[in-house]
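sequence and predicted structure, then a few things I'm wondering about:
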Amino acid sequence: MFAVENGLKGDPRLEAISRAIRVVPHFPKPGIMFQDITTLLLDHMAFKDTVDIFVDRYRDMGISVVAGVEARGFVFGPSIALAIGAKFVPLRKPRKLPGEVISEEYELEYGVDCLQMHVGAVHPGERAIVIDDLVATGGTLSAAIKLLEHAGAEVVECGCVIGLPEAKGQRRLNGKPLYILVGPRDVDDCY
Amino acid sequence: MSACKDEDPRINRIKTSIRVVPNFPKPGIMFQDITTLLLDPQTFKDTVDLFVERYKGKNISVVAGIEARGFIFGPPIALAIGAKFVPLRKPKKLPGEVISEDYTLEYGRDCLQMHVGAVETGERALVVDDLVATGGTLCAAINLLKRAGAHVVECACVIELPDLKGRERLKGKPLYVLVESH
């Protein structure tokens, strides 16, 4: 599940990526230690390395679809898609995509949310990956996998920069492999 | 200015790959849907390449992208030209300390935010979005970057709706687009 167990043990790029992530305590609410990737995006080399690690993994896997979850999945997904010659498919909150969509609801801690994909974006038999910045419970990624499967695609893997403890031990999500670059930072690591 | 349509064969393919969805999000609006452009890997690559060719080697250290479709085009450009990527977001999305810029919509107001410290004084910046209409959002973006001390070199969009005259509302900043839609 973690890149370090998957052939990248000792890779110095992973440590630089981890160090570039900022922890913001109590956002969006008390008790949550928010893993902020915007500081990673300010570090050109670390951002490039992040994309390169995913590209190296996926380039020879016959992937024709990179699906990215709004909005931080949009920051990583397209660059991966471009480098491996795949299409990029945005998965969005309701009422953002203008054309005909398919929808998948998923549970939040309190309440329900919904992810949508354009009809016709993906064809049966296409091999797809799902990209997001972070995986926690896996609810959003689960919904993403279902959308792609409803359209007949085969989800090969989900790739995330950060994996929280809730995702740990879950090597798979809906039976799909999960590939994660780094774990969460503690606020004490940052200063 | 627009990329020269007569000379570059990539431009026509980009234009025809954009899907127009009538009456979205409301009656009378012909929505320019770039998701179909993203489904064609070569056309998406050409789109990014056209911007990279223009901005590489111009000492630009910041590419600011407007949520959310600016997040699709901005980062590949930033990576290719060696710049940082700075997301400009709707309120309450960015977790750290932010600066905010209000702007007017057709009905009502909205707000764009940027993290404090993302940009340093004197940095040369681009603003990237998928489309420019009235220019209100781009103007807010320019203001945020200026307030942080950056020099906005240009705004870059895939599509311009020239009839809405957004080009005139960019505080004197140049606008570069690939296609126009009337």
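The structure has been received and is ready for your questions. Residues are numbered from 1 along each chain as shown, chains lettered A, B, ... in the order given.

what bits of the chain have low per-residue confidence?
No chain was given, so I picked chain A. Low-confidence regions of chain A, defined by pLDDT under 70, span residues A:168-172, A:188-191.

oops, chain B please
Chain B contains residues with pLDDT under 70 at B:1-6.

in the chain, which residue is closest to the centre?
Because you didn't say which chain, this covers chain A. What sits nearest the mean C-alpha location of chain A, by C-alpha atoms, centre = their mean, is A:Asp132, with 1.9 Å.

oops, chain B please
Of all residues in chain B, the one closest to the mean position by C-alpha atoms, centre = their mean is B:Asp129, 1.9 Å from it.

just the element for that one, please.
Per DSSP states H and E: B:Asp129 is located in strand B:124-132.

do that strand and chain A meet?
No. In this structure, strand B:124-132 remains apart from chain A according to C-beta under 8 Å from any C-beta of the partner chain; the gap is never smaller than 11.0 Å. Heads up, the C-betas are built off the backbone N, CA and C, glycines and all.

check contacts around residue 129.
Since no chain was named, I'll use chain A. A:Ile129 makes contacts with A:Tyr58, A:Ile63, A:Val65, A:Val66, A:Ala67, A:Ile80, A:Val155, A:Val156, A:Glu157, A:Cys158, A:Gly159, as judged by C-beta atoms under 8 Å, 6 or more residues apart in numbering or on different chains.

other chain: chain B
B:Gly65, B:Ile66, B:Arg69, B:Gly70, B:Phe73, B:Thr137, B:Leu138, B:Ala141, B:Cys155, B:Cys157 are the contacts of B:Asp129 under C-beta under 8 Å, 6+ apart.

can you narrow those residues to ones near chain A?
B:Arg69, B:Phe73.

can you list the residues of chain B near chain A?
Remark: the part of chain B in contact with chain A comprises B:19, B:21, B:24-25, B:31, B:33, B:35, B:38-41, B:44-45, B:48, B:67-69, B:71-73, B:75-76, B:78-79, B:82-87, B:89, B:92-96, B:115, B:118, using C-beta under 8 Å from any C-beta.

which of these are buried?
Under a neighbour-count criterion of 16 or more other C-beta atoms under 10 Å in any protein chain shown, the subset of those counted as buried comprises B:19, B:21, B:33, B:35, B:38-41, B:44-45, B:48, B:67-69, B:71-73, B:75-76, B:78-79, B:83-87, B:89, B:94-95, B:115, B:118.

where helices are concerned, which of these count?
B:35, B:38, B:41, B:44-45, B:48, B:71-73, B:75-76, B:78-79 (DSSP state H).

phi first, then psi, for A:Lys29.
For A:Lys29, the backbone dihedrals are phi -150, psi 160 (criterion: degrees, to the nearest 10).

next: the one 3 residues further on.
Here is the backbone geometry of A:Ile32 (degrees, to the nearest 10): phi -90, psi 130.

what does B:Phe31 give?
B:Phe31 adopts backbone torsions of phi -80, psi 130, taken as degrees, to the nearest 10.

what are the ranges of the strands in chain A?
For chain A, applying DSSP state E gives strands covering A:22-25, A:33-36, A:65-69, A:87-91, A:101-107, A:112-118, A:127-135, A:154-163, A:172-173, A:176-182.

mind putting those strands in a markdown table, distance to A:Ile53 included?
What follows is the strands of chain A, written out as a markdown table (distance: least, C-beta to C-beta, whole Å):
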| stretch | distance to A:Ile53 |
| --- | --- |
| strand A:22-25 | 20 |
| strand A:33-36 | 17 |
| strand A:65-69 | 14 |
| strand A:87-91 | 18 |
| strand A:101-107 | 27 |
| strand A:112-118 | 25 |
| strand A:127-135 | 12 |
| strand A:154-163 | 9 |
| strand A:172-173 | 19 |
| strand A:176-182 | 6 |
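
which one of these lies nearest to B:Ser61?
If you check each of the strands of chain A against B:Ser61 by C-beta to C-beta, strand A:22-25 wins as the nearest, at 19.5 Å.

next one: the closest one, is it in contact with chain B?
Yes. In terms of C-beta under 8 Å from any C-beta, part of strand A:22-25 sits within range of chain B, namely A:Arg22, A:Val24.

ok so, going back, following element in sequence after the strand holding B:Asp129, please.
Following the chain from strand B:124-132 toward its C-terminal end, the next helix or strand by DSSP H and E is helix B:136-147.

contacts for that next one next, please.
Applying C-beta under 8 Å, 6+ apart, the set of residues contacting helix B:136-147 from outside is B:62, B:64, B:66, B:88, B:99, B:101-105, B:110-114, B:119, B:125, B:127, B:129, B:132, B:152, B:155, B:157, B:166, B:169-171, B:173, B:175.

buried subset of those residues?
Applying 16+ other C-beta under 10 Å to the contacts of helix B:136-147, the neighbour count classes B:62, B:64, B:66, B:88, B:99, B:101, B:103, B:112-114, B:119, B:125, B:127, B:129, B:132, B:152, B:155, B:157, B:166, B:169-170, B:173, B:175 as buried.

so what's the residue nearest to the centre of chain A up against?
Under the criterion of C-beta under 8 Å, 6+ apart, the contact partners of A:Asp132 comprise A:Gly68, A:Val69, A:Arg72, A:Gly73, A:Phe76, A:Thr140, A:Leu141, A:Ala144, A:Cys158, A:Cys160.

tell me if I'm right that the third one and A:Ile37 touch.
Right, the one you point to is A:Arg72. Yes. Checked against C-beta atoms under 8 Å, the pair A:Arg72 and A:Ile37 is within contact range at 6.4 Å.

between the two, which contacts overlap?
A:Asp133, A:Leu134.

what parts of chain A come near chain B?
A:22, A:24, A:27-28, A:34, A:36, A:38, A:41-44, A:47-48, A:51, A:70-72, A:74-76, A:78-79, A:81-82, A:85-90, A:92, A:95-99, A:118, A:121.
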